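Peer 1: generate coordinates for the sequence data below:
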Amino acid sequence: MKNKGFTLIELVITIAISSIMFILIQSIMNFYIKTQDSLVNDIQFDKKAKSTFIFIENEIEESLSIEETLNKKCNFKIRSRNSDGSISSVYYELSGHKLYRRAMEEKNSFTENSYSYRKNILLEGVYDIDFNYYEKNNLVDLKLYKNKNELFHSVIKVG
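Peer 2: The predicted structure is shown next:
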């Protein structure tokens, strides 16, 4: 008499093959999700970096003067006139892959040396910022780097 059905060995082999297939599918899905998250983070960083770079370009274009600083953390200083006529000094610093904007507003600039001070993180994940001021031509060559690769580059007319 012939029994119809599966033997124990056939069931064990089927479960083993199914388990291997499940593990492979799960690994592929995890890889896809990690890749998707990485791409979304890169796109978000690039958008924020572009808007930050445009902000810095505009600040340079509207400035009264530009100065290179010798501080390794602070590449340059921008002096500009505020809408109320006061003078502000803005420093850009790179520290721990974070780009900071430090604004110092002079109060009663002709009679006192008092300042109000604000420091904001503009962008995180910056590898380097390269600033060169060509005083003769009144131009700034500005480069923003992400992971040793140049992300944005611009030559900007001061004032």
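
Peer 1: and the next element down the chain from the lowest-mean-pLDDT helix or strand in the chain?
Peer 2: Of all the helices and strands that make up the chain, strand 114-124 has the lowest average by mean pLDDT, DSSP states H and E, namely a mean of 71. Towards the C-terminus, the helix or strand next in line after strand 114-124, according to DSSP states H and E, is strand 128-134.

Peer 1: next one: the host helix or strand of residue 103 to chain centre, how far?
Peer 2: Counting by DSSP H and E, the secondary-structure element that holds residue 103 is strand 98-107. Between the mean C-alpha location of strand 98-107 and the chain-wide mean there is a distance of 18 Å, by CA atoms, centre = their mean, to the nearest Å.

Peer 1: over to stretch 62-69?
Peer 2: Computed by CA atoms, centre = their mean, the separation of stretch 62-69 from the middle of its chain amounts to 23 Å.

Peer 1: average pLDDT for that stretch?
Peer 2: Averaged over stretch 62-69, pLDDT sits at 82.

Peer 1: do the same with stretch 43-54
Peer 2: Rounded mean pLDDT across stretch 43-54 is 89.

Peer 1: just stretch 134-143 next, same as before
Peer 2: Predicted confidence along stretch 134-143 averages 87 (mean pLDDT).

Peer 1: mind listing the helices for the protein?
Peer 2: Shown for the chain, the helices assigned by DSSP state H span residues 8-61.

Peer 1: sorry, back to before: parallel or antiparallel, which strands does the strand holding residue 103 pair with?
Peer 2: Taking DSSP bridges as the criterion, strand 98-107 sits next to strand 87-95 (antiparallel), strand 114-124 (antiparallel) in its sheet.

Peer 1: highest mean neighbour count out of the ones you listed?
Peer 2: A comparison of those by mean neighbour count, using mean count of other CB atoms under 10 Å, puts strand 87-95 on top with a mean of 18. C-beta here means a position set from N, CA and C on the backbone, and glycine is covered the same way.

Peer 1: residues making contact with that one?
Peer 2: Residues from elsewhere that reach strand 87-95 (CB atoms under 8 Å, 6 or more residues apart in numbering): 56, 59, 64, 69, 71, 73-82, 99-106, 109, 122, 126, 128-129, 131.

Peer 1: tell me the mean pLDDT over it?
Peer 2: pLDDT averaged over strand 87-95 gives 84.
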